[in-house]
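Student: This is a predicted model, with the sequence first.
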Amino acid sequence: MATLIIKNLHASVKGKEILKGVNLELKEGETLALLGPNGHGKSTLLAAIMGNPAFEVTEGEIYLDGEDVLAMTPDLRSKAGIFLGMQYPAEIPGLNSADFLKSAMNAHREKPMSLFTFYKSLQDAYAEIGIPFEMSKRNLNEGFSGGEKKRNEILQMKLLAPKFAMLDEIDSGLDVDALQVVASAIRKEQERGAGFLVISHYARLYGLINPTRAAVLVNGRIAVEGGPELIEKIDKNGYEWIKTELGIDIEKETDSPMNKVSIGACATKVKINGKDSK
């Protein structure tokens, strides 16, 4: 069984330390809900695991089946079985969607697939995700709506079949029908045995994909881990209990109590070391 292990991970953005010693372990077949107030490092963690050069890892280790992930370039991390569904997928003018997907799929194979096999896989995936196949002829994400971009991320996940899929607010911008489609695709990958690390501000997605575990990231560290009951607790009570029960202070800019901040409160503002962050 594949295992992704993160040890004492520290990461900075433009010289500002965001992650301050994250320890986390995820096994293939598990789905971990990653919770926490905005600005405390959830997206930074996923970007650091994937190898985004804007996020500097200053200390710590990441291992995938004993292999040093930090020694790998982002493309090698993808080939090793790590996938990131981005919160803000980029538009790439001049890059045809089908050409991009074919290159990505072939990069994960020892021998290039036949054109027939590729187009059959592509047609099946587009149908499953509910995207018109004609969109494969357009440039990658160019002119796509926010919801179409998110579906396109799930399409890539489906075609690449990673060991571990990290999804950064993949449900934001989706209407109810699109959310059901995305959740269905995630469930199929769960049945295949893929592991998931999922960030969402909405309990609805978690209710559709049934995480096996949950972890709360506060002040750049994992404050608490537990079962899926943590999701319900935070959705009902916010994060104030982390201070009262665990003694971890979560500073905030406004006078509104943290017990009013639910999973669905995407615009919550907090302070990290006295500096504002959203």
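Tutor: Arrived safely, thanks for sending.

Student: and the next element down the chain from the helix or strand harbouring residue 9?
Tutor: Secondary structure assigned from DSSP states H and E places residue 9 in strand 3-13. Using DSSP H and E, the helix or strand that directly follows strand 3-13 along the chain is strand 16-27.

Student: Pull out the buried residues from that next one.
Tutor: 17, 18, 19, 20, 22, 24, 26 (16 or more other C-beta atoms under 10 Å). In short, each C-beta sits where N, CA and C put it, glycine included.

Student: okay, the nearest residue to the fifth one once chain neighbours are set aside: pLDDT?
Tutor: Right, residue 22. Leaving aside its sequence neighbours, residue 22 sits nearest to residue 9 (C-beta to C-beta, 6 or more residues apart in numbering; 4.3 Å). Note for residue 9: predicted pLDDT of 98.

Student: can you check residue 18 too?
Tutor: 96.

Student: which ones are touching it?
Tutor: 11, 12, 41, 44, 55, 220, 272 (C-beta atoms under 8 Å, 6 or more residues apart in numbering).

Student: Output the helix or strand where residue 84 lies as PDB, nothing but the C-alphas.
Tutor: Element membership for residue 84, per DSSP H and E: strand 82-85. Extracted in PDB, the C-alpha atoms of strand 82-85 (Å, rounded to 0.1, in the frame of the first residue of the first chain):
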ATOM      1  CA  ILE A  82       0.800  12.700  -7.000                       C
ATOM      2  CA  PHE A  83      -1.900  14.900  -8.500                       C
ATOM      3  CA  LEU A  84      -3.000  18.400  -7.600                       C
ATOM      4  CA  GLY A  85      -6.400  19.700  -8.600                       C
END
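
Student: let's number from 131 now, not from 1
Tutor: Sounds good: first residue 131 from here, last item strand 212-215.

Student: who touches that strand?
Tutor: Outside strand 212-215, the residues that touch it by C-beta under 8 Å, 6+ apart are 134, 176-177, 179-180, 194, 199, 280, 283-284, 286-287, 290, 292-298, 300.

Student: what about 7 Å?
Tutor: 176, 179-180, 194, 283-284, 287, 290, 292, 294-298, 300 (C-beta atoms under 7 Å, 6 or more residues apart in numbering).

Student: how far is it from where the chain is centred?
Tutor: 7 Å (C-alpha atoms, centre = their mean, to the nearest Å).

Student: Direction included, what does that strand pair against?
Tutor: strand 294-298 (parallel) (DSSP bridges).

Student: residues in contact with the partner strand?
Tutor: Applying C-beta under 7 Å, 6+ apart, the contact partners of strand 294-298 are 134, 156, 173, 176, 179-180, 211-217, 287, 319, 324-329.

Student: phi, psi of residue 228?
Tutor: phi -60, psi -40 (degrees, to the nearest 10).

Student: what bridges to the residue nearest the centre of the chain?
Tutor: The residue lying closest to the centre of the chain (C-alpha atoms, centre = their mean) is residue 297, at 2.3 Å. For residue 297, the beta-bridge partners under DSSP bridges are residue 215, residue 328.

Student: where's it relative to residue 241, distance?
Tutor: Separation of residue 297 from residue 241 (C-beta to C-beta, to the nearest Å) stands at 30 Å.

Student: rewinding a little: any quick PyMOL command for the buried ones out of the contacts of strand 212-215?
Tutor: Restricted to buried positions by 16+ other C-beta under 10 Å, the PyMOL selection for the contacts of strand 212-215 reads:
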select buried, resi 176+179+180+194+283+284+287+290+292+294+295+296+297+298+300
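
Student: From the contacts of strand 212-215, pick the one nearest residue 378.
Tutor: Lowest distance from residue 378 to the contacts of strand 212-215 (C-beta to C-beta) belongs to residue 176, with 21.9 Å.

Student: Quick check: nearest residue in space to that closest one, chain neighbours excluded?
Tutor: Nearest to residue 176 is residue 296, by C-beta to C-beta, 6+ apart, at 4.6 Å.
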